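Asker: fold the following, please.
(chains A and B)
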Amino acid sequence: MMKTERIKNYWKQATEDWNYIFTKELKTIFRDGGVLIFFFLVPLAYPLLYSFIYTDEVVRDVPIAVVDADGSTTSRLYLRHLDATPDVHIVSYCADMHEAENLVRRRDAYGIVYIPESFTADLTAGRQTHVSAFSDMSGLLYYKSVLLANTNVSLDMNAKIKVERAGSSTDEETKVVEHPIAYEEVNLYNPAAGFASFLIPAVLVLIIQQTLLLGVGMITGTARENNLFRHPVPIDRHYTGLLRIVFGKAMAYLMIYLPISVYVLGVVPHLFRLNQLGAPSTLGLFAIPLLLACIFFAMTVGGLMRRRETCILLIVFSSVPLLFISGISWPGASISPFWRYVSWLFPSTFGINGFVKINNMGARLIDVRPEWDALWAQAIVYFLAACLVYRNDILGARRRFAARLDALRHKTC
Amino acid sequence: MQSIYRVAVREMRSLARRPLMWFCMVLAPLFCYVFFTSLMASGLPTNLPLGLVDCDRTTTTRQLARNLDAFQQTDIVREYASVSDARRDMQRGLIYGFYYIPEGTTRKAQRQTVPTVSFYTNYSFLIAGSLLYRDMRTMSELVSGAATQAVLYARGATTGQAMAFLQPVVIDSHPIGNPWLNYSVYLSNTLVPGMLMLFVFMVTVYTISMEIKEQTARGWLLAARGSMWKALTGKLLPQTLVFWLVGSLYVVYLYGFLHFPCHCGIATMLLVMALFVLASQGMGVIMISTLPTPRLGLSFASLWGVISFSICGMSFPVMGMHPVLQGVSYLFPLRHYFLLYVNCALDGYPLANAWPFVAGLLAFAILPLLLLPRLKHALLYSQYEP
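Answerer: Okay, here's the model as predicted:
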């Protein structure tokens, strides 16, 4: 009887503390303007801003200059076809390379196409002729546009010339001469090969992790600044159980981030008409370990912050390396083993890869099993780490408290 | 002069005392130098995993697969029995694309009824996808050509004649300044200075806002005998020096040691770096003067710093953005630095050719002078609110 009573009391106390810590944490969050910026303003506004920047997805009509040294019907035909491609736009027909170079120097043109004097002569004589395409390398997309447009036009022209020379008699034979084996290209999961569809999903996951880190870091930093013994949690009878503290706080963050992640991972891609092939249930199941891993990671790292503003200086810059290390922009297959192991420390790596696979490519949960498992593992490891951080801090604060008490006692006697 | 010196000494002491400042001014920038240059050390990703679905299984198609595998950027890691199997592995991220040869390809080719082969690329990974696309496309052209080529040789054509028949017009591509299409050249040159700029923003805003928070602003002004511009110069000058030295280290490392293309000479880039540091500091002062609380000032710095990477045009060209953003992009110092780097180091034009951007950076450095009265007022009368 006594025993059951004790257990009952224990649980009563535990849930009471848990409730208290949970509500207290929510109050702290909603009273702190700085934390509100990170928990609400940034996740709400940043994705919109990013999507706005990349809204056009691709670059069309890159301005180029052309130098037509041949000036024949064929060369003009070539240039007309070039101008008609969606990728480039001829802004100037220059007399010589010098004039064209001046346009590039003033950044009025981002590429030069040079048709040699011998263009028609070569073609008539049955020799190969070389068209030179120069492109500005300040952005790879300029190069891609200039090269793609020229390749397409030249392949087209080549096919026609071949047909003329072969002198085929039927349409079917013409087709065979043009292309003995035809090919087609299929752009999967990003049909327009657009920039937003590729980058935004990664940024979305990163926003969740980074804002959590910033917010939690700021809460802990502030608490330490205000508390007498540089203690991250108040000295209070409710703040005694370690698990209660860690769980109580984590649940408060989780409650805020559930709607936030529905917005960030579900609504934003919809708003900007990005790919959304993933089943909502898969996405939901994937988001749970992602959020838990991010929250406990944030509590571990944020728990180390000594001052309110420190976290901004330490965390904001890491977003850029984290994006690169995740393997979205720089292909994951080309990342050296060392950096790959480093990347496993961060929930964002698995979160980004898993989310991109589910959202962009319609993967099922079983296809992202490695990421899913890794996120659960991180959630557990960082949960233990967070407990350790808080435990050390509480013990440290107690020691300082005891030392202070001792000193005061000595003084009085 | 004396008061500037006094403030500078005061600032140096305060900087040296804070480990956080050591981290932001020296350690973290150095880490970024090593990180980005070593991550992309290979320049251009090679041996990207690729799948093959060969339903035909003849000598011809196997030859095709071997040719594709021989390309530098692609590496056929697995063969699949069906398209769905390949697609599943693509969804798992094991391959970036696959080549599909349907059954009967060889038969149709021999019968001259134009078979179709297809290649599928995953453009969710834009860079890997683009690289694969290029190889697979070249490959397909070659396949097409190979069939005709054999016939031409048999008729007694020379290689030159055969090639002239197969490919009358050839495109010679000349990527100016980066003939290797080195990805690192294209990113490291702007990305890492961008990181440095982020730290300059942060440190400028942080050190000034800490004077407000710790209520030492009056002491700071007193050391400068009440002159705001002297106080600011004394405070920022040591930071300018440190950041410029750290930035110069990168310039020397990148152009002198890693031999990234630099047609203008290292000295010009050192000058551009100095201007860039000054401009970033100016921008930092603007931030803290307009929003003189640590929280809002630092949020402003983070926003501006992180957006810089996207809006400066190094990855996605500014011409492809909304017209409003094209104008807004000039409010970011990184945009000016990027254009100066392209003008000087990559293309080798004289600095004078890009004078508007030099003027832009100078404007960032000078404009905060207009905000000095506002900053002074904030320092003297504003109360710290968490």
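
Asker: could you use CA atoms for every contact and neighbour count after this?
Answerer: Will do.

Asker: buried residues in stretch A:32-44, which are they?
Answerer: Using 16 or more other C-alpha atoms under 10 Å in any protein chain shown as the burial criterion, the residues of stretch A:32-44 that qualify are A:Gly34, A:Val35, A:Ile37, A:Phe38, A:Phe39, A:Val42, A:Pro43, A:Leu44.

Asker: equivalent analysis for stretch B:87-106, please.
Answerer: B:87-102, B:105-106.

Asker: same thing with stretch B:230-248?
Answerer: Of the residues in stretch B:230-248, those with enough neighbours to count as buried (16+ other C-alpha under 10 Å) are B:230-240, B:243-248.

Asker: ok, stretch B:110-122 next?
Answerer: Of the residues in stretch B:110-122, those buried by neighbour count under the rule 16+ other C-alpha under 10 Å are B:Gln112, B:Thr113, B:Val114, B:Pro115, B:Thr116, B:Val117, B:Ser118, B:Phe119, B:Tyr120, B:Thr121, B:Asn122.

Asker: farthest residue from the center of chain B?
Answerer: Summary for chain B: using C-alpha atoms, centre = their mean, the residue whose C-alpha lies farthest from the chain's mean C-alpha position is B:Arg155, with a distance of 52.2 Å.

Asker: so where do the strands sit in the stretch 1-150 of chain A?
Answerer: Residue ranges of the strands in the stretch 1-150 of chain A, as given by DSSP state E, counting those that start in this stretch, are A:62-68, A:88-94, A:111-115, A:129-136.

Asker: contacts for the strand or helix carrying B:Asp89?
Answerer: Assigned by DSSP states H and E, B:Asp89 belongs to helix B:83-91. Helix B:83-91 is contacted by residues A:357-358, A:361-363, A:367, B:51-53, B:80, B:95-98, B:100, B:122 when judged by C-alpha atoms under 8 Å, 6 or more residues apart in numbering or on different chains.

Asker: rerun at 10 Å
Answerer: Contacting residues not belonging to helix B:83-91 are listed as A:188-189, A:354, A:356-358, A:360-364, A:367-368, B:50-55, B:78-80, B:92-102, B:120-122 [C-alpha atoms under 10 Å, 6 or more residues apart in numbering or on different chains].

Asker: then stretch B:313-320?
Answerer: Counting by C-alpha under 10 Å, 6+ apart, A:53-63, A:138-142, A:195-196, B:186-187, B:189-191, B:308-312, B:321, B:325-327, B:329, B:334-335, B:338-339, B:342 sit against stretch B:313-320.

Asker: so for that stretch, first residue to last residue, what's the gap.
Answerer: The separation between the terminal residues of stretch B:313-320, taken as C-alpha to C-alpha, to the nearest Å, is 9 Å.

Asker: name the nearest residue to B:Met139, sequence neighbours excluded.
Answerer: If you skip the residues right next to it in sequence, B:Met139 has B:Leu68 as its closest partner in space, 6.4 Å away by C-alpha to C-alpha, 6 or more residues apart in numbering or on different chains.

Asker: where does the one you found land on pLDDT?
Answerer: pLDDT recorded at B:Leu68 is 72.

Asker: who's in contact with it?
Answerer: Contact partners of B:Leu68, counting by C-alpha under 10 Å, 6+ apart, are B:Leu50, B:Leu52, B:Arg62, B:Thr74, B:Asp75, B:Ile76, B:Tyr99, B:Asp135, B:Met136, B:Thr138, B:Met139, B:Ser140.

Asker: ok, of those, which come out buried?
Answerer: Among the contacts of B:Leu68, those buried by neighbour count (16+ other C-alpha under 10 Å) are B:Leu50, B:Leu52, B:Thr74, B:Asp75, B:Ile76, B:Tyr99, B:Asp135, B:Met136, B:Met139, B:Ser140.

Asker: does chain A have contacts with stretch B:93-100?
Answerer: Yes - residues of stretch B:93-100 are located near chain A by C-alpha under 10 Å from any C-alpha of the partner chain, namely B:Gly93, B:Leu94, B:Ile95, B:Tyr96, B:Gly97, B:Tyr99, B:Tyr100.

Asker: may I have the phi/psi pair for the fifth one?
Answerer: Looking back up the chat, that one is B:Gly97. Backbone torsions of B:Gly97, given as degrees, to the nearest 10, read phi -180, psi 170.

Asker: before we move on, what about the second one?
Answerer: In terms of degrees, to the nearest 10, the main-chain angles of B:Leu94 are phi -80, psi -30.

Asker: not counting its neighbours along the chain, what's nearest it?
Answerer: Going by C-alpha to C-alpha, 6+ apart, B:Leu94 has B:Pro49 as its nearest residue, at 7.2 Å.

Asker: what helix or strand is the one you found on?
Answerer: With elements delineated by DSSP H and E, B:Pro49 resides in strand B:48-54, which encompasses its position.

Asker: per-residue pLDDT of the residue of the stretch 251-386 of chain B found nearest chain A, please?
Answerer: Checking the stretch 251-386 of chain B residue by residue against chain A with C-alpha to the nearest C-alpha singles out B:Gly320 as nearest, at 5.0 Å. On pLDDT, B:Gly320 comes in at 85.

Asker: can you give me the helices for the stretch 1-150 of chain B?
Answerer: Chain-ordered helices for the stretch 1-150 of chain B, with DSSP state H, counting those that start in this stretch as the definition, fall at B:2-17, B:19-22, B:28-39, B:59-70, B:83-91, B:105-111, B:126-154.

Asker: following the last one, which helix or strand shows up next?
Answerer: If I follow you right, that is helix B:126-154. Tracing the chain past helix B:126-154, the next element assigned as helix or strand by DSSP H and E is helix B:159-166.

Asker: what comes up buried for that following helix?
Answerer: Neighbour counts over helix B:159-166 (16+ other C-alpha under 10 Å) mark B:Gln161, B:Ala162, B:Met163, B:Ala164, B:Phe165, B:Leu166 as buried.

Asker: that helix and chain A in contact?
Answerer: Yes - residues of helix B:159-166 contacting chain A under C-alpha under 10 Å from any C-alpha: B:Gly160, B:Gln161, B:Ala162, B:Met163, B:Ala164, B:Phe165, B:Leu166.

Asker: what's the neighbour count on the nearest residue in space to the last one that is not next to it in sequence?
Answerer: Nearest-residue entry for B:Leu166: B:Gly145, 6.4 Å, with adjacent residues in sequence omitted and distances by C-alpha to C-alpha, 6+ apart. As a burial measure, B:Gly145 scores 21 neighbours (other C-alpha atoms under 10 Å in any protein chain shown).

Asker: ok, back up a step: now, which of the buried residues of stretch B:110-122 sits nearest A:Asp87?
Answerer: Minimum distance to A:Asp87 across these is 19.8 Å, recorded for B:Thr121 (C-alpha to C-alpha).
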